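J.: quick one, structure for this:
(chains A and B)
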Amino acid sequence: DAKTTQPTSMDCAEGRAANLPCNHSTISGNEYVYWYRQIHSQGPQYIIHGLKNNETNEMASLIITEDRKSSTLILPHATLRDTAVYYCIVSQNYGGSQGNLIFGKGTKLSVKP
Amino acid sequence: KAGVTQTPRYLIKTRGQQVTLSCSPISGHRSVSWYQQTPGQGLQFLFEYFSETQRNKGNFPGRFSGRQFSNSRSEMNVSTLELGDSALYLCASSLGRGVNEQFFGPGTRLTVL
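T.: The predicted structure is shown next:
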């Protein structure tokens, strides 16, 4: 089962920041928080990941709470093309044998004009 | 760099038949994972191959099998097809070491009649 809890759906106005929350209260010390998204009828796309520090890349920012029990994905200026299902996943990095991603139901983000 | 390719993109089979799906990973990627996506169950992990060895397996019956070749290309096979096997089958490739960033293909849409 997925180790994360996300809201089923969210709306965001185009051009505004989209803040997508995720709870992962049972996360282990060696597990990372990953975010993927799936635009309709396409394969999932990696967005960002982090362990305990906040992370930023060209797509998004990831804010992880100090106790690591929750996180927030931020899309700073949402566009209509950001409409997708967003998945928050906790996973170990490779090094041992863990390589599969356990997807929950995700958050359906609808960006509206 | 070319992305993950999957063939065929669409497939129609009847109950009892078997099917083989193919996945070509990104050049240099040694890990290939397979996922099944259905409206009811969402995205579920099937198995992962690394250097021609199955490294991880999800909770699916033995009718689902796979293999990986020396060039990292992978195939998955489903025997004795059932109506419930109708799904989008996604392949993802990754380096298999370090960050668990997986690159997904467009998927194969399998319909079982």
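
J.: ok, now which ones touch the residue in chain B positioned nearest to chain A?
T.: Closest contact between chain B and chain A, by C-beta to the nearest C-beta, is at residue B:104 (3.0 Å). Glycine gets a C-beta too; all of them are placed from N, C-alpha and C. Each residue near residue B:104 by C-beta atoms under 8 Å, 6 or more residues apart in numbering or on different chains is listed here: A:42-45, B:4, B:90-92.

J.: just grab the bridge partners of it for me.
T.: residue B:92 (DSSP bridges).

J.: circling back to that earlier point, could you dump the contacts of residue B:104 into TSV with pLDDT added?
T.: What follows is the contacts of residue B:104, written out as TSV (pLDDT from 0 to 100):
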residue	pLDDT
A:42	90
A:43	94
A:44	95
A:45	96
B:4	97
B:90	97
B:91	96
B:92	95
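
J.: in PyMOL, how would I select the buried members of those?
T.: Filtering the contacts of residue B:104 down to the buried ones (16 or more other C-beta atoms under 10 Å in any protein chain shown) takes a single PyMOL command:
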select buried, (chain A and resi 43+44) or (chain B and resi 4+90+91+92)
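
J.: closest to residue B:49 out of the contacts of residue B:104?
T.: Checking the contacts of residue B:104 against residue B:49 with C-beta to C-beta, the nearest one is residue B:91 at 10.3 Å.

J.: which bits of chain B sit near chain A?
T.: Residues of chain B lying near chain A by C-beta under 8 Å from any C-beta of the partner chain: B:4, B:31, B:33, B:35, B:42-45, B:48, B:50, B:55-56, B:58, B:90, B:92, B:94-107.

J.: hey, which helix or strand in chain B has the poorest pLDDT?
T.: Here the helix or strand of chain B ranked lowest by mean pLDDT, DSSP states H and E is strand B:53-57, holding a mean of 90.
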